[in-house]
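*Asks:* pasting the sequence and the predicted model now:
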Amino acid sequence: MFFHAHPDDEALLTGGTMARLAAEGHRVVLVVATAGERGLAAHTDDLGAVRTREAHRSAKLLGCARVEFLGYADSGLDGAHERGFARADVPEAAGRLAEVLHEERADLLTTYDPVGGYGHPDHVQVHRVGALAAELAGTLRVWEATVDRTLLLRALRLARVARRFDLTPFRTAYTPRAEITHAVDVRRYAGCKRAALAAHATQTTGGDQTRTVSALLSLPPPLFRLVMGTEWYIERKRLRAR
C-alpha cells in the first residue's frame with residue numbers, strides 16, 4: 001500500500017515501484033490524503049476534482065487495483081488551512097488508514113521521512129499518520145519514500161533545471177545516501193512512470209516558477225530513464241508480528 005499526500009506524489013516518488021510490483025503480480029493500492037486543491041495550477045476551478053481524476057488516471061497506468069482518498073483538505077505549503085490534513089487529529093486519521101490496511105491485509109506500507117522530504121506540512125503528516133496506522137494495523141514493513149539528495153542535485157544540474165528555479169531548498173531536502181536502505185531499480189518501468197506523471201496535467205503549469213513535473217517531462221526519454229530509474233526508501237525497522 002502506497003500512502004501519499006497529494007495527487008502526483010505517487011508518480012513522482014513511487015511510480016516505478018508501483019508499476020514494477022503490479023507487473024510482478026502484487027496487488028497495489030494507493031491511498032491519498034488530500035485532493036491537492038491548493039496546488040499551484042493554471043486550472044483553478046474545481047482543482048481538487050480535476051486532480052482526483054488525474055490521480056485515478058495515473059493509478060490505472062501504474063497498475064493499481066484500488067485508489068482511496070481520505071478526504072482531508074490540502075493544507076498548502078504554509079499549512080495555514082484550518083481543516084487541512086496537517087492539522088488533522090493523528091489518531092483519527094491513522095485509524096482510517098489502518099482500516100484500509102486491515103481490509104487489504106497489506107504487508108508493506110510506504111510513507112515519507114519525518115521531515116516530509118522537503119518540509120511540506122502534509123508530507124510531514126503522512127509520516128506521522130502512516131507510522132501510527134502501521135502500528136494499529138500490525139503492518140510489519142514500513143518504507144519511507146525519499147530521494148537521494150546528492151543524486152537529485154546532480155540530476156537537476158544535468159537537466160539544466162537550475163537555470164529556471166532556485167536549487168537552494170534541495171540542498172537540505174530529502175535524504176543523504178548513507179541513510180537510504182533500499183534502492184529499487186525501476187528503469188524497465190520508466191515509461192509507465194513518465195506516463196503517470198503526464199497524467200497530472202494541472203501540475204505542469206501555474207505559479208511563477210517552473211514546475212517539477214514539467215521539468216521532468218521535458219527530459220529526453222533516455223535522460224528521464226537515467227534520472228528517474230531508481231526509487232529510494234528508508235526502512236528504519238520492522239515491526240514485530242503480533
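*Replies:* Structure received.

*Asks:* what secondary structure does the nearest residue to Val90 once chain neighbours are set aside sit in?
*Replies:* Once flanking residues are discounted, Val90 sits nearest to Arg128: 5.2 Å by C-beta to C-beta, 6 or more residues apart in numbering. (Each C-beta comes from the backbone N, C-alpha and C, glycine too.) Following DSSP: H, G, I helix; E, B strand; the rest coil, Arg128 is assigned to helix.

*Asks:* what's the pLDDT at Arg128?
*Replies:* The confidence metric pLDDT takes the value 98 at Arg128.

*Asks:* how about the contacts made by Met18?
*Replies:* Contacts for Met18 were tallied using C-beta atoms under 8 Å, 6 or more residues apart in numbering; they are 2, 10, 28, 30, 62-64.

*Asks:* at 10 Å instead, please
*Replies:* By C-beta atoms under 10 Å, 6 or more residues apart in numbering, the contact set of Met18 is 2, 10-11, 26, 28-30, 58-59, 61-64, 110, 186, 189, 192-193, 196, 231.

*Asks:* which strands and helices lie in contact with the host helix or strand of Gly117?
*Replies:* Element membership for Gly117 (DSSP states H and E) is helix 116-119. Here helix 116-119 touches helix 9-23, helix 121-137, strand 141-146, going by 3 or more C-beta pairs under 10 Å, 6 or more residues apart in numbering; DSSP states H and E.

*Asks:* pLDDT averaged over the first one - what is it?
*Replies:* Rounded to a whole number, the mean pLDDT of helix 9-23 is 98.

*Asks:* what is the least confident helix or strand in the protein?
*Replies:* Within the chain, judged by mean pLDDT, DSSP states H and E, the helix or strand with the poorest mean is helix 149-158; its value is a mean of 79.

*Asks:* Tyr233 falls within a strand, correct?
*Replies:* Yes: applying three-state DSSP, one finds Tyr233 inside a strand.

*Asks:* re earlier: can I get the buried part of the contacts of Met18 as one PyMOL selection?
*Replies:* Only the buried entries of these go into this PyMOL selection, using 16 or more other C-beta atoms under 10 Å:
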select buried, resi 2+10+11+28+29+30+58+59+61+62+63+64+110+186+189+192+193+196+231
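
*Asks:* what about the chain, any weak spots by pLDDT?
*Replies:* Scanning the chain for pLDDT under 70 picks out the ranges 40-45, 158-166, 206-210, 238-242.

*Asks:* helices along that one, start to end?
*Replies:* Counting by DSSP state H, the chain has helices at residues 9-23, 47-62, 90-104, 116-119, 121-137, 149-158, 190-198, 212-217, 221-228.

*Asks:* deepest-packed of these, please.
*Replies:* Most buried of the helices of the chain, by mean neighbour count (mean count of other C-beta atoms under 10 Å): helix 9-23, with a mean of 25.

*Asks:* just the angle between that one and helix 47-62, please?
*Replies:* 30 degrees (axes from the mean of the first three to the mean of the last three C-alpha atoms, to 10 degrees).

*Asks:* thanks a lot, catch you later.
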